[in-house]
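Novice: Sequence and predicted structure below; questions after.
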Amino acid sequence: MSDRKSQTDGEILHSNKKGARHPAFEGVFLIQSVRRMTLIREKRNEMDAALRAALDAAGDASTSLAWTPYGESALSLVVWDKGEYATDYDQEYRAYTFSFGLIAPDPDF
């Protein structure tokens, strides 16, 4: 990778060639434990608030995203929230889909 030099000839060469990672997630809050719409809405709002709080925390400071692939060692990646949280309703408001993106400045983990 390189950057142009300002007001002179040539470019500045960088030793790293990888950019940041941009993991993206999609999911659904599917409420099946209750049937009354008021209770469904209450549970959905609680889960949505918890996810938003976690993403807000990742926007204010670096956060560790951790996972363990089946049969392998645990992995983690330092991430920040990209502020791209989107939601939608499905199945007569019983399913609440969401998506969000993160950014990991260090491409290696």
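Specialist: Arrived safely. None of the values given here were measured: they were computed from a predicted structure.

Novice: Going by C-alpha atoms from here, please, whenever you check contacts or count neighbours.
Specialist: Will do.

Novice: tell me how far the ends of stretch 73-84 are from each other?
Specialist: 30 Å (CA to CA, to the nearest Å).

Novice: chain center to it, what's the gap?
Specialist: Between the centre of stretch 73-84 and the centre of its chain there are 7 Å (CA atoms, centre = their mean, to the nearest Å).

Novice: buried ones in the strand ranked longest in the chain?
Specialist: When every strand of the chain is counted residue by residue (DSSP state E), the longest turns out to be strand 95-103. Applying a neighbour-count criterion of 16 or more other CA atoms under 10 Å, one finds 95-98, 100-103 buried in strand 95-103.

Novice: Okay, now the sheet partners of it, with direction.
Specialist: In the sheet, strand 95-103 lines up against strand 24-30 (antiparallel), strand 75-81 (antiparallel), strand 86-90 (antiparallel) (DSSP bridges).

Novice: which residues touch that strand?
Specialist: Surrounding strand 95-103, the residues in contact under the criterion CA atoms under 8 Å, 6 or more residues apart in numbering are 20-31, 44, 79-90.

Novice: Which residue ranges of this protein form helices?
Specialist: Under the criterion DSSP state H, helices of the chain are mapped to 37-60.

Novice: Look at H22 and say how many residues are nearby.
Specialist: Number of residues near H22 (other CA atoms under 10 Å) recorded here: 15.
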